[in-house]
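*Asks:* What follows is a predicted protein model with its sequence.
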Amino acid sequence: EVLADSENIPERMSEEETAHRVDYSGQRCITVDPPDAADFDDAVFLEETEAGWRLYVHIADVALAVPEGSALDAEARERSTSVYMPGHVIPMLPPRLSSLLCSLLPGEARPCQSAVIDFDREGARLSYRIERSVIRSSLRLHYGQVRRLVEGAPHPGEEVPDWALSSLRQMHEFSQKLRARRFADGGVFLDMPEVRVRVGDGGETLGVDLRSQDFSHQIIEEFMLAANRAVAEFMVTTELPGIFRTHEAPDEERLRELSTFVKTFGLTFKPPFSRRKIQKLVESIKGKPFEPTVMLAVLTSMKQARYTGVDGDHFALAFRPYCHFTSPIRRYPDLVVHRALAGMYPPGEAVIDTVARGGRRRGRRAQVADRRAAAGRMESLAQHCSDMERRAAEAERRITRFRQMELLERSGAAEHSGVITGVTDFGLFVRIDGLFVEGLVHVASMSDRYRYLPRRQELQGQRTGRRWRLGDAVTVRVTRLDLTAARVELEMA
């Protein structure tokens with residue numbers, strides 16, 4: 001039934017629908033995504049103005065293709081997210097929509113909802129508006145290409161027209177201003193390199209890489225954050241029911257444990273704790289041998305971000321309010337926000353006057369009960385979306401680990417170098433270099449009796465006094481590899 005619904009969606013917008021949209025089909029907007037992206041939610045364009053800069057963030061208008069209450073909508077709601085596993089995607093929407101009709105493919109006219117945001121020359125937001133539009137992406141690039149183009153070292157065949165190169169360099173410069181401003185306002189950069197598995201055309205595991213963010217990712221990240229923030233503020237100002245993204249402040253006790261732990265590396269992190277102190281700690285470990293270990297400890301001291309039916313603080317971003325608006329092809333909360341916005345356009349008009357609408361709060365007493373009921377429904381849906389997001393992340397993690405273990409099994413090496421990434425009362429977790437897969441060295445396999453010191457994240461030998469702690473480099477042997485149970489058992493070499 002869902003697939004039949006997707007087949008019934010026309011390939012092109014009607015003339016009537018197009019007439020009710022701002023026409024940006026001649027604008028030279030571009031998409032930037034990973035090289036293996038299966039869908040393209042967003043396209044961006046930046047232009048200079050007398051006051052500074054005008055940013056256009058065009059987001060695929062999925063709400064137009066997925067009517068509320070349809071079989072398509074019910075299935076999207078149930079899945080609530082696309083799942084990206086090595087070499088395979090389980091999309092939230094049928095591929096005809098996610099990879100074709102809703103995807104912002106170069107040269108194809110596509111309906112969008114656009115956030116158009118004006119900034120001064122230093123990156124302070126001046127105003128914004130929300131529009132329903134039609135665009136035609138001019139160019140598709142991936143992050144590596146953008147990085148090489150801006151640095152002036154493109155690979156053969158990666159050359160782009162002069163207008164595109166000039167645009168990318170402007171975007172790079174402007175995004176760094178937005179980024180610096182965000183951190184100056186208290187934002188915290190909590191990035192850990194991500195394990196990415198390389199998969200062959202036949203599905204075979206080829207290798208693994210650690211991928212970190214660079215400025216090419218930051219261009220798109222900052223532009224998406226600006227759009228999400230503007231939309232969230234509009235929803236709160238107009239009391240529009242929707243799904244928000246929150247990230248609660250960490251517990252004081254977890255931060256005290258982090259403070260004790262980082263002392264073992266000669267680092268200072270003292271109460272009273274704040275975002276700025278966390279950011280200062282993160283900056284102080286850049287390039288140090290123990291950076292991954294301390295960064296992991298910082299991350300584990302934080303709470304998980306989640307979806308809610310009411311606005312709240314986003315601790316890491318230092319935003320309130322905040323929502324997800326920019327990925328409706330792959331996230332249901334974004335689709336919910338798009339639908340809420342769609343109901344705010346005046347009949348037959350293409351632009352939401354955010355100043356006029358934002359100044360007219362819908363606060364009549366008769367509407368209070370309706371708003372509370374809507375917030376309750378949104379909270380229930382937000383909880384479901386949070387649960388599904390975590391299930392998807394766990395599936396991605398487990399499949400990635402399986403692929404890493406395949407490579408470990410095939411390596412046939414007698415010994416492996418690694419780093420201690422976890423210390424418990426029952427042993428040490430070690431991440432093997434090059435493959436980035438973790439295994440357990442159980443205390444029963446070690447040559448001494450060990451005392452666990454949780455505050456120092458350390459095992460201390462009772463006879464030898466030997467200490468094992470987070471970040472130590474070690475050499476290990478694989479004693480057991482169980483792909484089915486996803487278990488890697490190690491011993492010290």
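*Replies:* Sure, I can see it.

*Asks:* got the contact list for Ala43?
*Replies:* 29-31, 58, 104, 112, 135, 137 (Cβ atoms under 8 Å, 6 or more residues apart in numbering). Yep, even glycine has a C-beta here, placed from its N, CA and C like the rest.

*Asks:* What segments of the stretch 51-200 of the chain are strands?
*Replies:* 52-60, 83-85, 88-90, 109-120, 125-136, 139-142, 194-199 (DSSP state E, counting those that start in this stretch).

*Asks:* Pro67 is nearest to which of these?
*Replies:* Ranking these by their distance to Pro67 (criterion: Cβ to Cβ) puts strand 109-120 first, at 13.9 Å.

*Asks:* Only alpha carbons, please: show that closest one as PDB.
*Replies:* The C-alpha trace of strand 109-120 is given here as PDB (Å, rounded to 0.1, in the frame of the first residue of the first chain):
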ATOM      1  CA  ALA A 109      12.900  21.400 -10.500                       C
ATOM      2  CA  ARG A 110      12.000  20.600  -6.900                       C
ATOM      3  CA  PRO A 111       9.500  22.100  -4.400                       C
ATOM      4  CA  CYS A 112      11.100  23.400  -1.200                       C
ATOM      5  CA  GLN A 113      10.500  25.200   2.000                       C
ATOM      6  CA  SER A 114      13.200  27.900   2.300                       C
ATOM      7  CA  ALA A 115      14.700  29.800   5.200                       C
ATOM      8  CA  VAL A 116      16.000  33.100   3.900                       C
ATOM      9  CA  ILE A 117      18.200  34.700   6.600                       C
ATOM     10  CA  ASP A 118      19.900  38.100   6.600                       C
ATOM     11  CA  PHE A 119      23.100  38.700   8.600                       C
ATOM     12  CA  ASP A 120      25.400  41.600   9.100                       C
END
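
*Asks:* What helices and strands are in contact with the helix or strand bottoming out on mean pLDDT in the chain?
*Replies:* None of the helices or strands of the chain scores lower by mean pLDDT, DSSP states H and E than helix 354-358, at a mean of 79. Under the contact definition 3 or more Cβ pairs under 8 Å, 6 or more residues apart in numbering; DSSP states H and E, helix 354-358 sits against strand 125-136, helix 215-237.

*Asks:* Turn these into CSV, including mean pLDDT, mean neighbour count and distance to Ser25.
*Replies:* As requested, these are exported to CSV (pLDDT from 0 to 100; neighbours: other Cβ atoms under 10 Å; distance: least, Cβ to Cβ, whole Å):
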stretch, mean pLDDT, mean neighbour count, distance to Ser25
strand 125-136, 97, 20, 4
helix 215-237, 97, 22, 20
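
*Asks:* Out of these, which gets nearest to Leu165?
*Replies:* Nearest to Leu165 among the helices and strands packed on helix 354-358 is helix 215-237; the distance by Cβ to Cβ comes to 13.6 Å.

*Asks:* Helix or strand next in line after the closest one, which one?
*Replies:* Per DSSP states H and E, the first helix or strand lying C-terminal to helix 215-237 is strand 244-246.

*Asks:* what's the model's confidence in the following helix or strand past that next one, averaged?
*Replies:* Once the chain leaves strand 244-246, the next helix or strand it forms, by DSSP H and E, is helix 252-263. The pLDDT scores in helix 252-263 average 92.

*Asks:* just stretch 99-114 next, same as before
*Replies:* Rounded mean pLDDT across stretch 99-114 is 96.

*Asks:* buried sites along that stretch?
*Replies:* 99, 101-105, 110-114 (16 or more other Cβ atoms under 10 Å).

*Asks:* can I get these in JSON lines with distance to Arg79?
*Replies:* Output for the buried residues of stretch 99-114, formatted as JSON lines (distance: Cβ to Cβ, whole Å):
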{"residue": "Ser99", "distance to Arg79": "16"}
{"residue": "Leu101", "distance to Arg79": "18"}
{"residue": "Cys102", "distance to Arg79": "15"}
{"residue": "Ser103", "distance to Arg79": "17"}
{"residue": "Leu104", "distance to Arg79": "21"}
{"residue": "Leu105", "distance to Arg79": "23"}
{"residue": "Arg110", "distance to Arg79": "22"}
{"residue": "Pro111", "distance to Arg79": "22"}
{"residue": "Cys112", "distance to Arg79": "23"}
{"residue": "Gln113", "distance to Arg79": "22"}
{"residue": "Ser114", "distance to Arg79": "26"}
